[in-house]
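Trainee: Predicted model and sequence follow; I will ask about them next.
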Amino acid sequence: MDKAKTWELIHRERAAMADALSDLEPGQWAVPSLCAGWSVHLAAAHILAGAEQTQLAFMKGMAGSGFRFNTMIDRAARRLGTLAAPEIIERLRARTSTTNGPPAPVMTMLGEIVVHTGDILYPLGQSREMSPEAVTACLDMYRTTGFPVGTKKRIDGLRLVATDVDWSHGAGAEVTGPALPLLLAMTGRTAAVDALSGAGVSTLRSRMPSAG
């Protein structure tokens, strides 16, 4: 997938996320997201932080956090998490045409918005139809990803099969399910494992962060 198409998908998913956030009741912003330690509000702030990120700001943030990636990410989310919900939504909408980002492949920005959309909507019992092309591209990207999500090691020796898009990967005990829960489980979201089936599910569950 070329950069232009990737950015098109990123912008489409950001706009859809802004719409979904606009529909939330005030109390729903306080619900824990699938990101450990973050509410829906903080997860939305993290999406905004990624959407507003620049290469220079990223390097400054890394230096300011002692080059601890997770520390930098958490600080940015909590800083923007002080914003009121309407401002987070407004600023996210302003990033549905821009092409700034950290010093990383553009595909990582698509992964950010797709996975974190799941982090927010899944615990709220909500879903929306996501672009099959976007989800499949993320499945392809994360299947070989190590740091910081650890997917490559988590799915080693398993065969993953999506039931709603044309995607599969690996060999071994099978894990099947809809593409989004499969993606969320691959990236360490324990709650999503319940939506999957197959002989490899117990192995995958044992590799979740909370099982370590």
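Mentor: Structure's in. What do you need? Residues are numbered from 1 along each chain as shown.
Trainee: CA only for contacts and neighbour counts going forward, please
Mentor: Noted.
Trainee: mean confidence score for the top helix by length along the chain?
Mentor: The longest helix of the chain (DSSP state H) is helix 3-22. In this model, helix 3-22 has an average pLDDT of 97.
Trainee: and that helix, what does it pack onto?
Mentor: Judged by 3 or more C-alpha pairs under 8 Å, 6 or more residues apart in numbering; DSSP states H and E, helix 3-22 is in contact with helix 85-93, helix 106-121.
Trainee: Let's see that with 10 Å instead.
Mentor: Secondary-structure packing of helix 3-22 (3 or more C-alpha pairs under 10 Å, 6 or more residues apart in numbering; DSSP states H and E): helix 40-52, helix 85-93, helix 106-121, helix 132-142.
Trainee: what domains does the record give for the chain?
Mentor: With domains defined by automatic domain parsing, the chain comprises 3-124, 132-211.
Trainee: So for whichever strand or helix holds Ser202, mean pLDDT?
Mentor: Using DSSP states H and E, Ser202 sits in helix 201-206. The pLDDT scores in helix 201-206 average 97.
Trainee: tell me what it is packed against?
Mentor: The helices and strands touching helix 201-206, judged by 3+ C-alpha pairs under 10 Å, 6+ apart, are helix 151-154, strand 158-162, strand 173-177, helix 179-186.
Trainee: what's the offset of the second one from the middle of its chain?
Mentor: Looking back up the chat, that one is strand 158-162. On the basis of C-alpha atoms, centre = their mean, to the nearest Å, strand 158-162 sits 19 Å off its chain's mean C-alpha point.
Trainee: angle of that strand against strand 173-177?
Mentor: Here the directions of strand 158-162 and strand 173-177 differ by 20 degrees (axes from the mean of the first three to the mean of the last three C-alpha atoms, to 10 degrees).
Trainee: ends of stretch 118-137, how far apart?
Mentor: Stretch 118-137 has an end-to-end distance of 15 Å (criterion: C-alpha to C-alpha, to the nearest Å).
Trainee: buried ones in it?
Mentor: 118-124, 134-137 (16 or more other C-alpha atoms under 10 Å).
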